[in-house]
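Asks: here's my sequence, what's the structure:
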Amino acid sequence: MALETCIAFLLADELDADECIYFKPRTPHKARKNRDFEVLFVDDEDEEGEDEGRRNYFSATVPSLSVLDFQKYFQLTQTQVEELASLLSPFEWATSKLEGWTVMHAVLASLWTLSTLESLSSVAARFHTNESLIHQQLNEFCTHVNANFAQKICWPKWKEADASVSGFSTSIGLPGTVCVVGTCVIPIERPSDVPDPEAYQDSEKAYSVKLMAFCNHQGGFTHVTAEHPGKWHNSRVLLETEVGRALQEDPVNLLRGKHIIGDATFPLSEHILTPFPDYGTLGEKKLRYNLKVQAALQVIQASLHNLRSKFQRLRCLQMNSITQTSLAVKTCCIIYNMYLKSNNGAYVENIEEHSDVQEPFYELPNGHSGSLGGISKRQDIAASLGRKPKKDSTKGYYRLWYEA
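Replies: Below you'll find the predicted structure:
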């Protein structure tokens, strides 16, 4: 019942947000649940001076929710939202003592906030509360999700690693690949919880952090980090991540002979394979290898594209704390993984988002063309690739597993 009541406020898309801010708190509604999760709201009693049209909107025109509609608004299934609220209920919430405000309100309000670019004041109006509460609730939600669902993002090992290698080999034709790595920039406000806030400012005076993500053959995130300045080069960010440190200290335990695929901004090694530099003189095998690398990279590009499409707030994250920013980004990635597993794959043609263009690592002052092991391994894989397969019913596009 609490879930249905919350949804009525959230789905009032036709209400003008500015006018909604001035509404008085509503009296509780009685809900009647019909087939296909239909919800009709009836007021207990008329409120003096309340706009009749808006009251009728809530009582008569709130749309029913199908499974797909629910996921469209909240990114999770109804069952997942109910489970999430149930699992988060035992934890301490600062708003737990507020009359009429439940954990379900907190979950739905936070999912709505992360999924849209709607102002916090407008989100607050939907719940008949204030902006500071929505902001506080979002921070609490992200903290609890990270503390209790972090296992939704985990590095593939053993059977999971073998499945990812098999998946990349089957769909892309690139053997030995366990993960792909990619990045995107997350705009933020000037951070107040770091020693040097200007380190997060780029040449255009905008503040940002860099999201570096690794994913498996299905597009599921296996490791993410979002706490380093957006202007940092990818190779520098990599060194500061847990994966980067593991590659330096114990790559055998991390990869067990397998490798990661990255673009030219990463250093070539036997653990991270990158494309051959193309100066117009590459042979057929090297060109074929580069095409397969690009196809593999489209998996992470698609996941990052969809992450920001589903969670619009990441395109303009109104936070001035690196700690809270990192928690919010990781929360979106955790929810993305939960959502990914409940949907079938989809096709993608092109991902045209190049906001994070950087120089190739081998062109940097301190860069190099690759380790001897990496150069040899890349040559061997390129030499082993067979003829280019014929185009199939997918019209030549590689299949990338992610949600629509």
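
Asks: Gln80 and Arg245, how far apart?
Replies: Counting by C-beta to C-beta, to the nearest Å, the gap from Gln80 to Arg245 is 33 Å. In this view, the C-beta of every residue, glycine as well, is placed from N, C-alpha and C.

Asks: next: Ala226.
Replies: 17 Å.

Asks: what about Gln201, how many neighbours?
Replies: 17 (other C-beta atoms under 10 Å).

Asks: so what sits opposite the nearest residue to it once chain neighbours are set aside in the bridge?
Replies: Spatial nearest neighbour of Gln201, excluding adjacent residues (C-beta to C-beta, 6 or more residues apart in numbering): Tyr207 at 5.4 Å. Per DSSP bridges, the residues bridged to Tyr207 are Ile188, Gln201.

Asks: so Tyr207 sits against Val194, correct?
Replies: No - assessed by C-beta atoms under 8 Å, Tyr207 is found out of contact with Val194, at 10.6 Å.

Asks: the more surrounded of those two?
Replies: With neighbours defined as other C-beta under 10 Å, Tyr207 and Val194 compare such that Tyr207 has more, 22 against 15.

Asks: model confidence score at the more buried one, please.
Replies: pLDDT recorded at Tyr207 is 95.

Asks: and the helices in the stretch 101-250 of the chain?
Replies: 103-115, 120-126, 131-149, 159-171, 234-240, 242-249 (DSSP state H, counting those that start in this stretch).

Asks: tell me how the protein divides into domains.
Replies: 2-150, 153-400 (automatic domain parsing).

Asks: I'd assumed Cys142 was in contact with Ser110.
Replies: Yes - in this structure, Ser110 is within contact of Cys142 by C-beta under 8 Å, at 7.5 Å.

Asks: joint contacts of these two?
Replies: Here Ser110 and Cys142 share no contacting residue, scored by C-beta atoms under 8 Å, 6 or more residues apart in numbering.

Asks: tell me which element Val81 is part of?
Replies: Here Val81, judged by DSSP states H and E, is contained in helix 78-88.

Asks: in that helix, what's buried?
Replies: For helix 78-88, the neighbour count (16 or more other C-beta atoms under 10 Å) marks Gln78, Gln80, Val81, Leu84, Ala85, Leu88 as buried.

Asks: repeat that for stretch 181-195.
Replies: If you call a residue buried by 16+ other C-beta under 10 Å, then stretch 181-195 has these buried ones: Val181, Gly182, Thr183, Cys184, Val185, Ile186, Pro187, Ile188, Glu189, Pro191.

Asks: just the closest of the residues you listed to Gln318, please.
Replies: Gln318 lies nearest to Glu189 out of the buried residues of stretch 181-195, by C-beta to C-beta, at 6.1 Å.

Asks: in space, what's closest to the closest one - neighbours in sequence excluded?
Replies: Of all residues not flanking Glu189 in the chain, Asn320 sits nearest, at 4.2 Å (C-beta to C-beta, 6+ apart).

Asks: what of Gly367?
Replies: Closest to Gly367 by C-beta to C-beta, 6+ apart is Phe361, at 4.6 Å.

Asks: remind me which residues of the stretch 1-150 of the chain are low pLDDT?
Replies: Residue ranges of the stretch 1-150 of the chain with pLDDT under 70: 1-65.

Asks: now do Ser371: how many residues are near it, please.
Replies: Ser371: 15 neighbours (other C-beta under 10 Å).

Asks: same thing with His259?
Replies: 23.

Asks: hang on, it packs against Val180?
Replies: No - using C-beta under 8 Å, His259 makes no contact with Val180, being 10.3 Å away.

Asks: quick one: distance of stretch 198-208 to the chain centre.
Replies: 22 Å (C-alpha atoms, centre = their mean, to the nearest Å).

Asks: and the contacts of it?
Replies: Applying C-beta under 8 Å, 6+ apart, the external contacts of stretch 198-208 come out as 185-191, 194, 197, 209, 229-231, 322.
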